[in-house]
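Engineer: have a look at this prediction, sequence included:
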Amino acid sequence: MLDQLIVTGSDGSGLPLAPDVMRALAGQFPSVHLAPPHAWSDDGVAIGAAAWCSDAIDGWALDCAVDDADERGDFVLRVLDADRGGAVCLEILNRCQRTIRRRNHFSQNARFDSLLSAHRGMHDLAKPLVRADFNHARDTWQWVLRLDREASLPLQLAALFHDVERLATEADRRVEHLSANYQRFKDRHAAGSASITGSILTRIGIDAQTCKRTVDLIAAHERYSEEDVELRLLNEADALSFFSLNSGGFYDYFGPDHTRKKIRYTLGRLGDRGRAHLAGVRMRHEVRELFEECGG
Ligand SMILES: [Fe+2]
Ligand SMILES: [Fe+2]
């Protein structure tokens, strides 16, 4: 679990962060302790701020390094050469937040531990597309809790399980770009995820009411709603995870045309609260250009 952040300048010394940056980091990632340089351990993950800002970072390699460190236990994230300001720390924590594992009183218990285990057990993490889906699920869960610290159990479960249909249909290759009607494809995907999740939660012994609400949220998760607050949060969390974690890999896999379509679709799933978080999200320049072209 990511629990410490070290920020250093180009001379290797600890970098004092501006008060507004400190406030933003403490407010959004209260469990991540800002540590001095000597707290560094070789088990941690180091990221150069200049490389991060210039797209010189291999996003997939970074994600693998973060996941490996997370597997080993608690780890330190070190941001190097951060002389130009601490805002980069917020961007990097947004990228890595799946390893912070924020919870609330609905999810800080043994029952949720077993749900996390069941969710993980569905994923063959040796497959890159499945690994990407697993990370996206955990990241969406974290975005839900950031948007609403009181997120209900069904909403948290919906965030975790919302895309499990892809494990059956897109584990080895993606097909969404082949669909003639994108919304219809996404609605079918949502219905499939809802059906699979309903079976799993029932088998685990989750109560009928929680199960039904979770399934209903997942079945509708590809449709933004102003009326259903939880459905709106799920859409926004899912959309934020696309921009903060998945958009670079999506571009590499699908190319610019389908990424443009995906960005336009995803922007339609973001309300004002979700959009406000995009200020702390770094997108690769190719993605950023498409994002701006689409009115983001
Ligand atoms: Fe989905
Ligand atoms: Fe998703």
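Structural biologist: Good, I have the coordinates. Residues are numbered from 1 along each chain as shown. Ligands and ions are numbered 1, 2, ... in the order given.

Engineer: contacts for the helix or strand containing Ile218 next, please.
Structural biologist: Per DSSP states H and E: Ile218 is located in helix 208-219. With contacts defined as C-beta atoms under 8 Å, 6 or more residues apart in numbering, helix 208-219 is touched by 152-155, 157-158, 161-162, 190-191, 193-195, 197-198, 201-202, 206, 230-231, 234. (Glycine included, C-beta is placed from N, CA and C.)

Engineer: can we see that at 6 Å?
Structural biologist: 153-154, 157-158, 162, 190-191, 193-194, 197-198, 201-202, 234 (C-beta atoms under 6 Å, 6 or more residues apart in numbering).

Engineer: checking the residue lying closest to Arg232 once chain neighbours are set aside next. Helix, strand or coil?
Structural biologist: Closest residue to Arg232 apart from its sequence neighbours, by C-beta to C-beta, 6 or more residues apart in numbering: Ser225 at 5.6 Å. Judged by DSSP: H, G, I helix; E, B strand; the rest coil, the three-state class of Ser225 is coil.

Engineer: and Ser193, what pLDDT?
Structural biologist: pLDDT recorded at Ser193 is 98.

Engineer: okay, now the spatially closest residue to it that is not a sequence neighbour: neighbour count?
Structural biologist: Sequence neighbours aside, Glu165 is the residue nearest to Ser193 in space, at 4.1 Å (criterion: C-beta to C-beta, 6+ apart). Neighbour count for Glu165, taken as other C-beta atoms under 10 Å: 20.

Engineer: again with Leu2
Structural biologist: For Leu2, using other C-beta under 10 Å, the count is 23.

Engineer: can you lay out the contacts of helix 208-219 as a markdown table showing secondary structure, neighbour count and distance to Gly73?
Structural biologist: A markdown table is the format used below for the contacts of helix 208-219 (DSSP: H, G, I helix; E, B strand; the rest coil; neighbours: other C-beta atoms under 10 Å; distance: C-beta to C-beta, whole Å):
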| residue | secondary structure | neighbour count | distance to Gly73 |
| --- | --- | --- | --- |
| Leu153 | helix | 21 | 27 |
| Pro154 | helix | 23 | 31 |
| Leu157 | helix | 27 | 26 |
| Ala158 | helix | 32 | 29 |
| His162 | coil | 29 | 28 |
| Ala190 | helix | 20 | 36 |
| Ala191 | helix | 16 | 39 |
| Ser193 | helix | 24 | 31 |
| Ala194 | helix | 22 | 35 |
| Thr197 | helix | 25 | 30 |
| Gly198 | helix | 19 | 34 |
| Leu201 | helix | 22 | 29 |
| Thr202 | helix | 13 | 33 |
| Leu234 | helix | 30 | 31 |
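
Engineer: in those, find the pair that's most separated.
Structural biologist: The distance between the two most remote of the contacts of helix 208-219 (C-beta to C-beta) is 21.8 Å, for Leu153 and Ala191.

Engineer: mind listing the helices for the stretch 101-250 of the chain?
Structural biologist: 110-121, 128-147, 153-161, 165-169, 182-204, 208-219, 229-241, 247-254 (DSSP state H, counting those that start in this stretch).

Engineer: tell me which of those sits nearest to Asp81.
Structural biologist: Going by C-beta to C-beta, the one of the helices of the stretch 101-250 of the chain nearest Asp81 is helix 247-254, 21.3 Å.

Engineer: now the next helix or strand after the closest one: how far from the chain's centre is it?
Structural biologist: Following helix 247-254 in sequence order, the next helix or strand is helix 256-267 (DSSP H and E). Chain-centre distance of helix 256-267: 18 Å, with C-alpha atoms, centre = their mean, to the nearest Å.

Engineer: then helix 256-267 to CSV, C-alphas only?
Structural biologist: The C-alpha trace of helix 256-267 is given here as CSV (Å, rounded to 0.1, in the frame of the first residue of the first chain):
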residue,chain,number,x,y,z
PRO,A,256,-6.4,8.6,-32.4
ASP,A,257,-9.8,8.1,-34.1
HIS,A,258,-11.3,5.7,-31.6
THR,A,259,-9.7,7.7,-28.7
ARG,A,260,-11.4,10.9,-30.0
LYS,A,261,-14.7,9.0,-30.0
LYS,A,262,-14.0,7.6,-26.5
ILE,A,263,-13.1,11.1,-25.1
ARG,A,264,-16.2,12.7,-26.5
TYR,A,265,-18.3,9.8,-25.0
THR,A,266,-16.5,10.0,-21.6
LEU,A,267,-16.8,13.8,-21.3
